[in-house]
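K.L.:
sharing a sequence plus its predicted fold:
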Amino acid sequence: MSTQRFSARTNQRFRIAILVLAPAVAVLGHGYHPWIGSPGDPDFFDRLAAAVAADPTRWAVAHLTVAIGSGLLILALLALRGWLREAGEDRWSALGLPFIVMGSLLYALLPGMEFAAIAAHATGGDVAAVQPALQPWFMPILVSAAALFAVGVLGFVVGIARSGAAGRAVTGVSIAGLVVTAGSRFVPVGAALLYVGPVASLIALWALAYAVSRGNARSAAPGFAPEPASLHMRA
């Protein structure tokens with residue numbers, strides 16, 4: 001087996017692994033988060049304080065896992081960007097990637113801010129009062145992160161559709177999943193953020209992992225023609 005083929009197979013395995021792992025971690029983190037209702041509920045912050053007091057470790061682990069999942073998502077989209085580039089799509093995914101990175105980094109700040117509730121509980125502070133005090137910072141960061149992520153997702157959606165490398169069925173599933181994921185980021189807390197978005201990202205990225213596992217993206221892309229054998233012999 002040549003070094004080039006070994007490198008290609010290693011890249012393929014890494015891409016599949018990260019596309020499978022990243023959304024799975026996000027689902028675990030969001031799913032482990034205690035259910036506290038929606039910010040519009042009149043007793044929302046009281047429920048939050050009760051959840052922290054009942055199990056501070058669960059609160060910490062859930063938010064730490066969400067932050068890790070956000071970081072892994074960056075790696076997953078970097079892997080997908082490389083696969084699309086090999087399929088000949090070198091424009092839209094390249095434009096979308098910086099927005100994905102910045103949106104995911106800002107999103108990872110949000111679970112970090114939730115550790116203030118643990119600190120307040122541990123020091124005898126008023127948890128229900130701490131969280132509202134964070135809202136002037138929390139909401140602008142959430143909206144900015146969601147908007148940047150949505151722009152990045154748009155770039156990847158167009159790139160996936162134009163490359164044709166994933167096949168019609170996988171393209172439709174992955175685009176729908178990514179769009180739902182981006183939309184759920186605009187919701188502070190609730191079923192959309194905790195369950196719908198993470199599951200949608202899992203479906204989208206696992207579908208793309210399947211597409212990657214089928215073989216080389218270049219050979220799947222329309223209009224791709226392999227280099228003549230004489231060029232390989234000269235090299």
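P.N.:
Arrived safely. Values in this document were obtained by computation on a predicted structure and should not be read as measured data.
K.L.:
from now on I want contacts and neighbour counts done on CA atoms only, so please keep to that.
P.N.:
Noted.
K.L.:
C-terminal to the top helix by length along the chain, what's the next element?
P.N.:
With secondary structure taken from DSSP state H, the chain has its longest helix at helix 127-163. As assigned by DSSP states H and E, the chain's next helix or strand after helix 127-163 is helix 168-184.
K.L.:
to the chain's geometric centre, what's the distance from that next one?
P.N.:
A distance of 12 Å separates the centroid of the chain from that of helix 168-184, by Cα atoms, centre = their mean, to the nearest Å.
K.L.:
same question, stretch 47-67
P.N.:
With Cα atoms, centre = their mean as the basis, stretch 47-67 stands 21 Å off its chain's centre.
K.L.:
try stretch 115-135
P.N.:
Taking Cα atoms, centre = their mean, one finds the center of stretch 115-135 at 28 Å from the center of the full chain.
K.L.:
in that stretch, which residues are buried?
P.N.:
Applying a neighbour-count criterion of 16 or more other Cα atoms under 10 Å, the buried positions in stretch 115-135 are 115, 117-118, 120-121, 127-128, 130-131.
K.L.:
pass me the low-pLDDT residue ranges in the protein, would you?
P.N.:
Within the chain, the set of residues satisfying pLDDT under 70 comprises 1-6, 215-235.
K.L.:
for it, which segments count as helices?
P.N.:
3-32, 44-54, 56-86, 92-113, 115-122, 127-163, 168-184, 191, 197-213, 217-220, 229-234.
K.L.:
helices and strands around the first one, which ones?
P.N.:
It refers to helix 3-32. helix 56-86, helix 197-213 (3 or more Cα pairs under 8 Å, 6 or more residues apart in numbering; DSSP states H and E).
K.L.:
list the buried residues in the shortest one.
P.N.:
Which is helix 197-213. Neighbour counts using 16+ other Cα under 10 Å place 197-209, 211-212 of helix 197-213 among the buried residues.
K.L.:
contacts for stretch 31-45?
P.N.:
47-48, 51, 58-59, 62-63, 128-129, 131-132, 188-190, 194-195 (Cα atoms under 8 Å, 6 or more residues apart in numbering).
K.L.:
of those, closest to I141?
P.N.:
Minimum distance to I141 across the contacts of stretch 31-45 is 10.6 Å, recorded for P188 (Cα to Cα).
K.L.:
give me the neighbour count for V187.
P.N.:
Other residues near V187 come to 18 when the count uses other Cα atoms under 10 Å.
K.L.:
and V52, by the same measure?
P.N.:
Using other Cα under 10 Å, V52 has 23 other residues around it.
K.L.:
show the contacting residues for it.
P.N.:
Contacts of V52 were listed using Cα under 8 Å, 6+ apart, and they are 59, 117-118, 121.
K.L.:
and if we set it to 10 Å?
P.N.:
For V52, the set of contacting residues under the criterion of Cα atoms under 10 Å, 6 or more residues apart in numbering consists of 34, 46, 58-60, 115, 117-118, 120-122, 127-128.
K.L.:
if anything else comes up later, I'll come back, but that's it for now.
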